[in-house]
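Trainee: Give me the fold of what follows.
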Amino acid sequence: MFEDEKRAAALAAAGEILGGMVIGLGTGSTVAELIPVLAARVRDGLEVVAVATSVATEAAARAAGIRIASFADLSRIDLTIDGVDEIEPSLRAIKGAGGALLREKIVATASVRMVAIADSSKFSAALGSRRVPVEVLPFAREFVMQALGAIGAVPELRMAGEQPARSDQGNLLVDCAFAHLHDPAGLARRLSDIPGVMGHGLFLGEIDALYLARKGRVERIERP
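Mentor: Numbering: from 1, shown residues only. Model prediction:
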C-alpha cells in the first residue's frame, strides 16, 4: 500500500515542475518514485536541471537521463521535492533517515519553494514518533554524544555493519530519541549550538507544501 501511495504523491508533486527550472531532488524511497516520472517528461522535451542531495540520488537521476548540476555553482533553486520521515499538519518535519540531512537542509533553504511528498505512514498529529538524526564531525564524536545527552537526548551512533555509518560528507550520523518534542524550535536551536554538530533533521520552516497520499487520494497541504 505504501509503495502505491509514494508513487501517487510523487506523481502529483511532479506537476509543479516547469520547463527552465532548477530542481532540487531529495533522497529516499519516495523521491525514487519521482525520478522516473521526471525522466519521462525530460524525454518528452522538458528542459530542467537538477541538483541532487545525495550521491545515490545523483547516480539514479543521471542513469535516468536527467541533467545534473553542481550546487557549488548555484545560489538558488526554483523547486525542491523531497520525502520526509515524519511530518505534522503545520508542515514541521523530521528528515535524515537516509543520511543526507545536511545536504537536504542546504538545498531546501536555498529553494524558492520546497515541496514534501509522503505516504500516510509519515503523517502524524505532532512530531515525536521518530528519532531526530544529527550529523556529527568525527573529530567531536564523544563530546557531541555527551552534549546531546545533556539536552535530553538518548543518542545512538548509526552503524553500517560493524563500522559507523557516514554521510556523503564523511560525517557521522547520530539518531537521537527524545522523551517528548514539545518545543521543536527550541530543540533545533540547542542542537545547532553544539560545536561539532554539522546539521540536524528538524525541518521546521523549510517546507512550503506537502503532497500526502492517503485513503486512495493525494491531498495538497500548503503552509498557512
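Trainee: Counting residues, name the longest helix you see in this structure.
Mentor: helix 29-43 (DSSP state H).
Trainee: which helices and strands sit right next to the following helix or strand past that one?
Mentor: Sequence-wise, the next helix or strand downstream of helix 29-43 (DSSP states H and E) is strand 49-52. Helices and strands touching strand 49-52, by 3 or more CB pairs under 8 Å, 6 or more residues apart in numbering; DSSP states H and E, are strand 22-25, helix 55-63. Bear in mind the C-beta positions are built from the backbone N, C-alpha and C, glycine included.
Trainee: The lengthiest strand in the chain packs against which elements?
Mentor: Scanning the chain for the strand with the most residues, using DSSP state E, yields strand 111-119. If contacts are counted by 3+ CB pairs under 8 Å, 6+ apart, strand 111-119 sits against helix 2-13, helix 29-43, strand 77-83, strand 209-214.
Trainee: outside of stretch 174-188, which residues touch it?
Mentor: For stretch 174-188, the external contacting residues (CB atoms under 8 Å, 6 or more residues apart in numbering) are 92, 126-128, 131-136, 144-145, 148, 151-158, 200, 202, 204.
Trainee: Just the buried ones from those?
Mentor: The neighbour count (16 or more other CB atoms under 10 Å) marks 92, 127-128, 131-136, 144-145, 148, 153, 155, 158, 200, 202 as buried among the contacts of stretch 174-188.
Trainee: most packed of the helices and strands packed on strand 49-52?
Mentor: strand 22-25 (a mean of 24; mean count of other CB atoms under 10 Å).
Trainee: contact partners of it?
Mentor: Residues outside strand 22-25 that contact it (CB under 8 Å, 6+ apart) are 17, 31, 34-35, 38, 48-53, 57, 61, 66, 69, 74, 76-82, 107-108, 110-111, 114.
Trainee: buried subset of those?
Mentor: The buried subset of the contacts of strand 22-25 (16+ other CB under 10 Å) comprises 17, 31, 34-35, 38, 48, 50-53, 57, 61, 66, 77-82, 107-108, 110-111, 114.
Trainee: Now for the closest residue to Ala110 other than its chain neighbours: which residues touch it?
Mentor: Leaving aside its chain neighbours, Ala110 sits nearest to Ile77 (5.1 Å; criterion: CB to CB, 6 or more residues apart in numbering). Going by CB under 8 Å, 6+ apart, Ile77 touches Val22, Ile23, Gly24, Val51, Phe71, Val107, Ala110, Ser111, Val112.
Trainee: now with 10 Å?
Mentor: 21-25, 49-51, 69, 71, 106-114 (CB atoms under 10 Å, 6 or more residues apart in numbering).
Trainee: What pairs with the longest strand of the chain, parallel or antiparallel?
Mentor: Partners of strand 111-119 in the sheet, by DSSP bridges, are strand 77-83 (parallel), strand 209-214 (parallel).
Trainee: circling back: could you point out which of the helices and strands packed on strand 49-52 sits nearest Leu212?
Mentor: strand 22-25 (19.4 Å; CB to CB).
Trainee: Could I get the average pLDDT for that closest one?
Mentor: Strand 22-25 comes out with an average pLDDT of 98.
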